[in-house]
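Colleague: Kindly return the folded structure for what I paste below:
(2 chains)
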Amino acid sequence: MSVALTLERIDKTFVRPESGAREAVLRNFNLRVAPGELVAVIGPSGSGKSTLLNLIAGLTLPDAGTIDVRRTDGATPRLSVVFQQPRLLDWLDVETNVQLAADAAGVPRDAVARALEDVGLTAYAKAFPSMLSGGQRQRVAVARAFVIEPDIVLFDEPFSALDEITARKLRLLTQELWQTRPRTGILVTHNTQEAAFLADRVVTLGSGATRVVSDIAIDVTRPRSAEDLRLFEIHRRLLAGLT
Amino acid sequence: MTTATDELPRSLTAPRGNVHFIKRTGAVVGPPLLCVLLVAALWQTMASKLHSPLVPSLAEIGAEFARIALSGKLIPQIAATLERVALGFALAFVLAVVAGIAMGRVPWMRRFLEPAVLIGLTVPGLVWALLCVIWFGVSLANPIVAVALSAAPAIALTVAQGVRGVDADLVEMAYVYRFSRTVQLRRLWLPALAPHLLSGCRFGLSLSWKVIVLVEIFGMSSGVGYQLNSAFSSQNVAAVLAWTLSFGVVMAILEYGVLQSLERYFTRWRRESRV
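Modeller: Presented below is the predicted three-dimensional model:
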């Protein structure tokens, strides 16, 4: 089921606990993500990227404005998040970690085995997360995000804590999953190459109360190669927009 | 699509065989056994040097222990004390877990309950024992309330600290994936709190043992504390030590048989340090 995501005139202000000063992170912010579109959001630290995801995920509320996530059939949309850290329950094995999300979403149990197979972790189903490498743990997080058949997937700098080789493998995995089952998604990242490689569109935020500096469509069909010169050119433009 | 190509590494499979079992058992049982033997040897040396009825030898203590056991008093008296501790501790546990979670989750509740908990921690067990004897007389309420008042503050404080220590990232993850309240409690909160609950139980139980003896000395006509008082009145040091020893055995069974087993179960997922 395709889902469109619309943020209209969003305001969000935080109060600094140490000084009590109010800091506007988002002001009159607008964003529309079309059904099946993956939009990357890049920008300097403090530009409101993570706040944006927290607002969409319902982890924080906007001071003003509306966030509209609607399925065409009227049902409640399923949302999943791949966090920067895997956020696994360390006392449960890999399979149960994925299973809990599946159960909460009412997804059949056999989907768990498929999800683990998709991320190459079938052999680790009964292992505890503490026994896995950082990359494997993040694969579990990806499996958990996709097992619920989400309408919207939010990626919060999902591979930034990993070494480059592992991150590259996981980007390819994400591309495979996206190509097989396209969703509506937002990818927040500091990595312009990652944004260009994975997204359909890259929105660059400026510092201060958030404003959109650029909005670049990436017209390269999937599967993409990281060595594609067109992506390299987009990456160069994105970097130029940030500096 | 990526396929499962990685094999489970050897380190993920548990080592097997009798040798491993013997080594593991030895590593677990050896050190505490050595400690007990060392204390016993020191006591025996002291008793041999002093030749005083105030410091009976191990043989005399053992004989007194056997006499108590054969008289048929040992089990019923220990059972009476255990029952009182169990009831009082259960009451303390329920109250303290509720209070601890409230203190850990709601800042207002923390500020509201903190003085009561801190005062409760500083009041000596002897005071609770005396007050409960005065308030409740020779009834079951006396030891139950005294034990609960002694143990609850320590458990509540440990639980509150545990709740504040639960990873906020995991709570957010559970919210995003719409885990039900039951699943959150069973799969997130309780496992995350388990080490704190066990540590609170251990501390609370140690306080319970101390206060129950006092309550039984002052206000009961049965139980290990009452027997200790009787032995004290008749200047029978061997009997005092025999009853203390029996109490120690019960505590060791609880510690090694129950608490440590639970602790191993709840922390089995932790990777051990290689150094």
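Colleague: contact partners of stretch B:237-253?
Modeller: B:53-56, B:60-61, B:63-65, B:68, B:74, B:78, B:81-82, B:205, B:209, B:213, B:224, B:227-228, B:230-232 (C-beta atoms under 8 Å, 6 or more residues apart in numbering or on different chains). Using the backbone N, CA and C atoms, a C-beta is placed for each residue, glycine as well.
Colleague: try it again with 6 Å
Modeller: B:54, B:56, B:60, B:61, B:64, B:65, B:68, B:224, B:227, B:228, B:231, B:232 (C-beta atoms under 6 Å, 6 or more residues apart in numbering or on different chains).
Colleague: and which of the residues you listed is nearest to chain A?
Modeller: residue B:224 (37.3 Å; C-beta to the nearest C-beta).
Colleague: Contacts only, for that closest one.
Modeller: Residue B:224 neighbours (C-beta under 6 Å, 6+ apart): B:77, B:81, B:243, B:247.
Colleague: I'd like to know how far the last one sits from chain A.
Modeller: What that stands for is residue B:247. The gap separating residue B:247 from chain A is 34 Å, by C-beta to the nearest C-beta, to the nearest Å.
Colleague: Likewise for residue B:188?
Modeller: Taken as C-beta to the nearest C-beta, the span from residue B:188 to chain A is 6 Å.
Colleague: For my notes, confirm that residue occurs in a helix.
Modeller: Yes: according to DSSP: H, G, I helix; E, B strand; the rest coil, residue B:188 belongs to a helix.
Colleague: Near it, how many other residues are there?
Modeller: For residue B:188, the neighbour count with other C-beta atoms under 10 Å in any protein chain shown is 21.
Colleague: List the residues that contact it.
Modeller: B:170, B:174.
Colleague: still on that earlier bit, neighbour-wise, which one of the contacts of residue B:224 leads?
Modeller: residue B:243 (29 neighbours).
Colleague: That one and chain A, how far apart?
Modeller: For residue B:243, the distance to chain A - C-beta to the nearest C-beta - is 41 Å.
Colleague: So that residue, which state does it fall into?
Modeller: helix.
Colleague: show me the biggest helix of chain A in terms of residues.
Modeller: helix A:164-180 (DSSP state H).
Colleague: what's downstream of that helix, the next helix or strand?
Modeller: Toward the C-terminus, helix A:164-180 is succeeded by strand A:184-188 as the next helix or strand (DSSP states H and E).
Colleague: Quick check: residues of chain A near chain B?
Modeller: A:57, A:59, A:81, A:87, A:90-91, A:101, A:104, A:117-118, A:120, A:122-123, A:127-128, A:130-131, A:173, A:176 (C-beta under 6 Å from any C-beta of the partner chain).
Colleague: Looking at those residues, which are in strands?
Modeller: Mapping those onto strands (DSSP state E) picks out residue A:81.
Colleague: Any chance of a markdown table for the contacts of residue B:224, columns secondary structure?
Modeller: Listed next are those as a markdown table, based on three-state DSSP:
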| residue | secondary structure |
| --- | --- |
| B:77 | helix |
| B:81 | helix |
| B:243 | helix |
| B:247 | helix |
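Colleague: Can you say which of the residues of chain A next to chain B are buried?
Modeller: A:57, A:59, A:81, A:87, A:90-91, A:101, A:104, A:117-118, A:120, A:122-123, A:127-128, A:131, A:173, A:176 (16 or more other C-beta atoms under 10 Å in any protein chain shown).
Colleague: farthest-separated two in the contacts of stretch B:237-253?
Modeller: B:54 and B:224 (21.0 Å; C-beta to C-beta).
Colleague: Now do the buried residues in stretch A:48-67.
Modeller: Applying 16+ other C-beta under 10 Å to stretch A:48-67 flags A:48-57, A:59, A:62, A:65, A:67 as buried.
Colleague: who are the neighbours in contact with the residue sitting nearest the centre point of chain A?
Modeller: The centre of chain A sits closest to residue A:155, judged by C-alpha atoms, centre = their mean, with a distance of 1.4 Å. By C-beta under 6 Å, 6+ apart, residue A:155 lies in contact with A:82, A:187.
Colleague: Name whatever forms a beta bridge with it.
Modeller: Using DSSP bridges, the bridge partners assigned to residue A:155 are residue A:82, residue A:187.
Colleague: burial of residue B:34, as a residue count?
Modeller: 10.
Colleague: Now the element after whichever helix or strand it is part of, going C-ward?
Modeller: Residue B:34 belongs to helix B:18-50 when assigned by DSSP H and E. Downstream of helix B:18-50, the first helix or strand assigned by DSSP H and E is helix B:58-71.
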